[in-house]
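Undergrad: Just a sequence and a predicted model for now, questions to come.
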Amino acid sequence: MRIPKINLNFILLLILTLFNIFFVFFPLINIIGYEFSIANSLLFFVSSGISAINNSRLIEDSNNYLLEHLKKTKFFFLYSVIMPLVSGITSTILLTECPINDGVLFYFIISVPSLFFGYITGMLIAAIFKRFNYLLFVIFTLFFLSLPIIEFYFNPQIYFYNIIFGYFPGTIYDEDLSVDNLLISYRLFHIAIFIGVLFIINFYKNGKINRIKAVSLIIIVSALFFLLKPALNFSTDIRVIRNHLNKSVRTDHFEVLYPNSIEKHSLELLALLHEFYYEQNAQKLESNTKIKITSLVFESEDQKRELFGAGRADVAKPWLKQIYLNYPSYTSTLKHEIVHILAGEFGTTPFLVSDNLNPAMIEGLAMAIEDNYDDMPVHYMAKLARSAGFKTSLKNLFGGFTFFSQYSSISYVYAGSFIKYLIDNYGTEKIKKLYRNLNFEQIFNKSLQELESEYNIFLNDIKIDFNKHTAQLYFGGQTIFKKHCARTAAHRTKKAWILYNQKNYSEAQKEFDLVYEYSGSYQSIIGLVNSKIKLKDYDSTEEIVSREINNFLRTPYLYTLELTMGDLLVRNNKTVEAKRWYDSLLVQSPTIDYRNEVLIRKALHDIDINTLKEYIEGDQRKRLNLLIKLNEKRIYYESIPVLLRYCKDNNELDSILNSLREKVIVDDETSSYAVMKLSQGAIKIGKYKIAQELAIKSLQIEEGGKYLHSLIENLRMINWLNNFADEIKINFVYE
């Protein structure tokens, strides 16, 4: 009995169908959107390429080669496009309230062209090569997929434009992602190139050109496009970076590239801090290696996102000896990123990082050496997380890429605290060995489970002033996998904020409201609230916050909404109710910053209610003036960090510094923290002697509490600036 031959196209379409049914059970790819489109683009490319090779073997008429292919692929292409589209739209409608417009756009710009590109690639292989067609197609596919690795390795970027999946924002990427003109133009470029390849195939099959000419033409066009990618803004090489960051300063260990917008006095501190953290990290890592690091300092998140791929996250590439920073927030990440570069000395793999590219080891070492998480030690934060029930297994954390499966602060803090424990108890050299060979048993003669038990005992013995609200603020967030319509919501929210900044508050309100309906995101509701406040619609805004705040009770955003609610009640002349909200937030005191904000309001209210209303309704200048006036008779230490934040320029900062520095007295945690911030303000304007006086004064308390480590590190940095800044600056070369 003869078994009927099964049509290969049918099998391919069945596999495509099964995969799309499978997608429904996984986050992000279960709705039509970016991730869904990426997954289908790979399926499309592979299935259509295999189909093309199979069809090519069945076509004998070379005169109507393209027409014969078209006849055989009509149903295949039609089903391939429609089935995932219907599946994605259906699951989106049934499982979520997410809009489908953006997702459909992603699908047609990313997925559908890959169907075309895969088929032509298969046709080309079948036409040019007589044997091993399927194997060659697999090799071609892997080659296309590996091209981003080449760009990632050699270029200062983490985003990729690729034939198969269109666009990938990088290994560390923001939620905000949309189809833009650059992505569309990239796909159009490739459509034009593959149409050209189609004609070359036809000419070859018709005998108008030979095999060598056909292959040569395709190689030349492909190579030319790859080389022109930086010029077309589809990739970023160092020349593109230097065109945008067209100024530089060379120090002993760095070349710092920066934009024109950074003023010289700020640049001097930027360069000095690079040298300070290099020296400090090298000492902690017991490293004597002298290397030259390139530091790329972008003037904004938007510029960094465009050129590098991650707008918010600062990143290092140890193998290139490059770090990528945002200005002016670089001070909070510079030390961390330099650790990654110095760790390359004992790193492994072609990327000079931890064995097996283990993220917990990579980030854990940097966190351990940095030992600062929002002015608090890493052990303190780990104990805080554990006491609040935010726990994790170190075996899972160091076991692979589970590092990214939970909220990032939890992974970073525990990894950093554990590595610091190992450094303090077993020495730096063992950690360096562990970094290049992630085998705990071999390095420590103990299993990871045994070391975890030791660490847990150590952590249990740490005493802290536990505050569950502080823990909620730092560890209560969600990963992208748990958010609703994360991509669309982030993109639409960004558009709404653009409208808001253009003072188009009415349209911004509508956009924020729409986003909040389907996403329930904090970013959209706070935008909605701010827009309605600008429109002076206080009554309905109060009603919205009062109703919706219950949705954020266990999130980090609760405390900002509580402060906002208190301010709204003041605007509505409901001071008694406002006081209850302020008092509640004061009791919670998730951080000293929230506590300060409440106490400022209470102090202004003690003057009179109108003064408080002026502050709440005022702009940055108005608030600054009111806080200056508040400090005329006696110092309100709670207001000092806020005062410094509201200063627009160095002259204002200098004036405030001169008016306060002789008067400050440190006798508790609040005044100590405030004086530390004053010393940091003095650093910004180059007054290192005054900064030193204030830093010493900030330590004049019996118990430093959770900020003691930061107080000491602050003084250590200022002492270094006083002792070595002048001799180090002599070697700076500006270009």
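TA: Yep, that arrived.
Undergrad: which parts of stretch 300-316 are buried?
TA: 301, 303-311, 313-316 (16 or more other C-beta atoms under 10 Å). Yep, even glycine has a C-beta here, placed from its N, CA and C like the rest.
Undergrad: what about it, distance to the chain center?
TA: 8 Å (C-alpha atoms, centre = their mean, to the nearest Å).
Undergrad: Can you show me the CA trace of that stretch as PDB?
TA: Output in PDB follows, covering the C-alpha atoms of stretch 300-316 (Å, rounded to 0.1, in the frame of the first residue of the first chain):
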ATOM      1  CA  SER A 300      19.600  63.400  27.500                       C
ATOM      2  CA  GLU A 301      17.800  60.100  27.600                       C
ATOM      3  CA  ASP A 302      16.400  60.700  24.100                       C
ATOM      4  CA  GLN A 303      19.900  61.200  22.600                       C
ATOM      5  CA  LYS A 304      21.200  58.100  24.400                       C
ATOM      6  CA  ARG A 305      18.200  56.000  23.200                       C
ATOM      7  CA  GLU A 306      18.700  57.200  19.600                       C
ATOM      8  CA  LEU A 307      22.400  56.500  19.500                       C
ATOM      9  CA  PHE A 308      22.900  53.700  22.000                       C
ATOM     10  CA  GLY A 309      19.500  52.000  22.500                       C
ATOM     11  CA  ALA A 310      18.800  52.300  26.200                       C
ATOM     12  CA  GLY A 311      17.700  55.700  27.200                       C
ATOM     13  CA  ARG A 312      17.500  55.300  31.000                       C
ATOM     14  CA  ALA A 313      19.900  52.600  31.800                       C
ATOM     15  CA  ASP A 314      23.700  53.400  32.000                       C
ATOM     16  CA  VAL A 315      25.800  50.500  30.700                       C
ATOM     17  CA  ALA A 316      29.400  49.300  30.200                       C
END
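Undergrad: contacts for it?
TA: 156-159, 169-170, 172-174, 176, 236, 240-241, 244, 259, 296, 298, 322-327, 330, 333-334, 336-338, 340-341 (C-beta atoms under 8 Å, 6 or more residues apart in numbering).
Undergrad: So which of the buried residues of stretch 300-316 belong to strands?
TA: 315, 316 (DSSP state E).
Undergrad: Would you state the strands of the stretch 51-200 of the chain in chain order?
TA: For the stretch 51-200 of the chain, strands defined by DSSP state E, counting those that start in this stretch occupy the ranges 160-162, 166-168.
Undergrad: Make a markdown table from those strands and add distance to residue 76, mean neighbour count and mean pLDDT to it.
TA: Below are those laid out as a markdown table (distance: least, C-beta to C-beta, whole Å; neighbours: other C-beta atoms under 10 Å; pLDDT from 0 to 100):
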| stretch | distance to residue 76 | mean neighbour count | mean pLDDT |
| --- | --- | --- | --- |
| strand 160-162 | 23 | 22 | 93 |
| strand 166-168 | 21 | 22 | 91 |
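Undergrad: what about residue 419, how many residues close to it?
TA: 25 (other C-beta atoms under 10 Å).
Undergrad: tell me the contacts of it?
TA: 361, 364, 365, 367, 368, 431.
Undergrad: How is this structure divided into domains?
TA: Domain assignment for the chain by automatic domain parsing gives 8-236, 238-345, 348-477, 478-554, 650-735.
Undergrad: distance of residue 492 from residue 106?
TA: Distance, residue 492 to residue 106, by C-beta to C-beta, to the nearest Å: 14 Å.
Undergrad: ok, the two, which is more surrounded?
TA: A direct count of neighbours by other C-beta under 10 Å for residue 492 and residue 106 places residue 106 higher, at 28 against 24.
Undergrad: Apart from its neighbours in sequence, what residue is nearest that one?
TA: Excluding the flanking residues, the one nearest residue 106 by C-beta to C-beta, 6 or more residues apart in numbering is residue 37, at 4.2 Å.
Undergrad: Pretty sure the one you found sits against residue 104.
TA: No. Residue 37 lies out of contact with residue 104 (C-beta atoms under 8 Å); the separation is 9.3 Å.
Undergrad: Tell me which of these two has more neighbours.
TA: For residue 37 versus residue 104, the count of surrounding residues by other C-beta under 10 Å is larger for residue 37: 28 against 18.
Undergrad: could you say what helices and strands the strand or helix carrying the more buried one packs with?
TA: Residue 37 is part of helix 34-58 when elements are defined by DSSP states H and E. With contacts taken as 3 or more C-beta pairs under 8 Å, 6 or more residues apart in numbering; DSSP states H and E, helix 34-58 sits against helix 8-23, helix 65-95, helix 101-106, helix 112-128, helix 133-154, strand 166-168.
Undergrad: Quick one: those as TSV, columns for distance to residue 596 too.
TA: Below are these laid out as TSV (distance: least, C-beta to C-beta, whole Å):
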stretch	distance to residue 596
helix 8-23	48
helix 65-95	43
helix 101-106	40
helix 112-128	53
helix 133-154	43
strand 166-168	42
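Undergrad: The ones you listed: which one's closest to residue 524?
TA: Nearest to residue 524 among the helices and strands packed on helix 34-58 is helix 101-106; the distance by C-beta to C-beta comes to 15.0 Å.
Undergrad: can you give me the helices in the stretch 551-700 of the chain?
TA: Using DSSP state H, counting those that start in this stretch, the helices found in the stretch 551-700 of the chain span residues 558-571, 575-588, 592-607, 609-617, 620-630, 640-646, 650-660, 669-684, 688-698.
Undergrad: for those helices, which one sits closest to residue 270?
TA: Here helix 669-684 is closest among the helices of the stretch 551-700 of the chain (C-beta to C-beta), at 10.7 Å.
Undergrad: counting contacts, what elements does that closest one pack onto?
TA: Using 3+ C-beta pairs under 8 Å, 6+ apart, helix 669-684 sits against helix 264-284, helix 592-607, helix 640-646, helix 650-660, helix 688-698, helix 708-729.
Undergrad: who's in contact with the third one?
TA: This points to helix 640-646. Outside helix 640-646, the residues that reach it (C-beta under 8 Å, 6+ apart) are 593, 596-597, 600, 620-621, 623-624, 627-628, 631, 653, 656, 660, 673-675, 677-678, 680-681.
Undergrad: Buried only: go through those residues for me.
TA: 596-597, 600, 623-624, 627-628, 631, 653, 656, 660, 673-675, 677-678, 680-681.
Undergrad: Quick check: mean pLDDT of stretch 13-21?
TA: Mean pLDDT, stretch 13-21: 95.
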